[in-house]
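Q: Have a look at this prediction, sequence included:
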Amino acid sequence: MTLKDFSGYKVIDLEFLRTVGMPGMPTHKPAFGFEITHPHEDTDRSIQGTRTSAWGSIISNEHSGTHVDAFCHQAENGFMHGGFKVSPETETKAGFTVNGAENLPIFFDRGILLDVPAIKGVESIEPGYQVTAEDLEECCRVEGVNITAGSVVLVNLGNARFWNDRERYLKCGGMSAGASQMLADKKVKAVGADNFAWDEPTHFEDDMHCNGPGHVILIVRSGINIFENLNLAPLVESGQKEFIFVAAPIRIKGATGGSVRPFALVAD
C-alpha cells in the first residue's frame, strides 16, 4: 500500500479541545488544569543566550475529556475482567498491576456511527433517556449498516453540541443495559458516545444491583473498551456512517484510562 491509496480520504477529528473548566464528572476532580510553570522570562540567558524556552504543567483526571477506559477501571463483586481480583496486590497506590492503561491497543478498525437523534427526529436526546437495543437496531436499519464483530460502534446522542455548556452537557442521556448487552453479544471491539459516562448516568439497574450497567457488561464481562466524551458532531455532519476508526491512547502504566486523539478516516 502506498500513500496515494489514502488520497480519497479525509480525516475527521473526534476529540474535544481540552481547556480549563471543561465538563467533567463531579467525582473526577480535577478534570483538567494547565498553567505555564516556566515562562520565557525564567530562562537562564547566561546559558541559552538569545534563545529562550517556556513550558507548562498539566494536571488531569484520567477520565476527563476524550478518553478510553482501561479494563482495571471497573470491577463486579470485586473482580475485574479476566477474573483478576481487586486486592492490595493488584490495586496499588502507584497503579494497577493488571489490566492497566499500558495494555490499551492502538485502534485501526472498521467504525460505525449510529445516529439516535436522527431516527427520533430531534437534534439531541433528552436528559435521562436510555437508548435501547431496539433504538440501535433501528439506526442500523435506517442507515443500512451491520454491526460486525471487531468493529467500533459510536453512538451519537447529539450531546456534543452542549460541550461549552458544562451543566447541560452533564445532563445527558445514555445507553440502557439492553443496548450494551446487544453490542456485547455482537462482539464489537469497542464502543463510544458523545457523553461522559456511556451509560445513562442516573439509572440504577436493579437486576444487576448497580448503576452504570454498561460498564460491567462491556468492560468487566466482555473485555470491550468504552470511549467517552467523543466529539461526534463533525462526523454526523459529514453524513458518513461507516469509516476507519483510528485512536492511539496514551499509555500510562497502571492507569485506569487513557486520554486519546481519535479520528475517523472517511471517503472524501
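A: Happy to help now that I have it.
Q: Give the bridge partners for Ala193, please.
A: On the basis of DSSP bridges, Ala193 is bridged to Val155.
Q: State the number of residues packed around it.
A: 30 (other Cβ atoms under 10 Å). Where C-beta positions appear, they are placed from N, C-alpha and C, glycine not excepted.
Q: Pull the contacting residues for it.
A: For Ala193, the contact set (Cβ atoms under 8 Å, 6 or more residues apart in numbering) comprises Leu154, Val155, Asn156, Leu157, Asn159, Gly174, Met175, Phe227, Glu228, Leu230, Leu232.
Q: what's the spacing between the closest residue in space to Gln130 that isn't next to it in sequence and Arg168?
A: The shortest distance from Gln130 to any non-neighbouring residue, by Cβ to Cβ, 6 or more residues apart in numbering, is to Ser176 (3.8 Å). Counting by Cβ to Cβ, to the nearest Å, the gap from Ser176 to Arg168 is 21 Å.
Q: Comparing the two, which residue is more hemmed in?
A: Neighbour totals were compared for Ser176 and Arg168, and Ser176 leads with 23 against 15 (other Cβ under 10 Å).
Q: The more buried one and Gly128 touch, don't they?
A: No. Assessed by Cβ atoms under 8 Å, Ser176 is found out of contact with Gly128, at 11.5 Å.
Q: Which neighbours do these two have in common?
A: Glu200.
Q: hmm, back to that, Lys85: which of the contacts of Ala193 is nearest?
A: The shortest approach to Lys85 among the contacts of Ala193 belongs to Glu228, at 25.8 Å (Cβ to Cβ).
Q: isn't that closest one right up against His67?
A: Yes. Counting by Cβ under 8 Å, His67 is a contact partner of Glu228 at 6.1 Å.
Q: quick one, helices of this protein?
A: 45-48, 116-120, 133-143, 166-170, 177-185, 213-215, 233-238 (DSSP state H).
Q: To Asp194, which of those helices lies closest?
A: Across the helices of the chain, closest to Asp194 is helix 233-238 (Cβ to Cβ), at 7.5 Å.
Q: where does this structure dip in pLDDT?
A: 1-6 (pLDDT under 70).
Q: quick one: furthest residue from the center of it?
A: Among residues of the chain, the one most distant from the C-alpha centroid is Ser46; the distance is 46.3 Å, by Cα atoms, centre = their mean.
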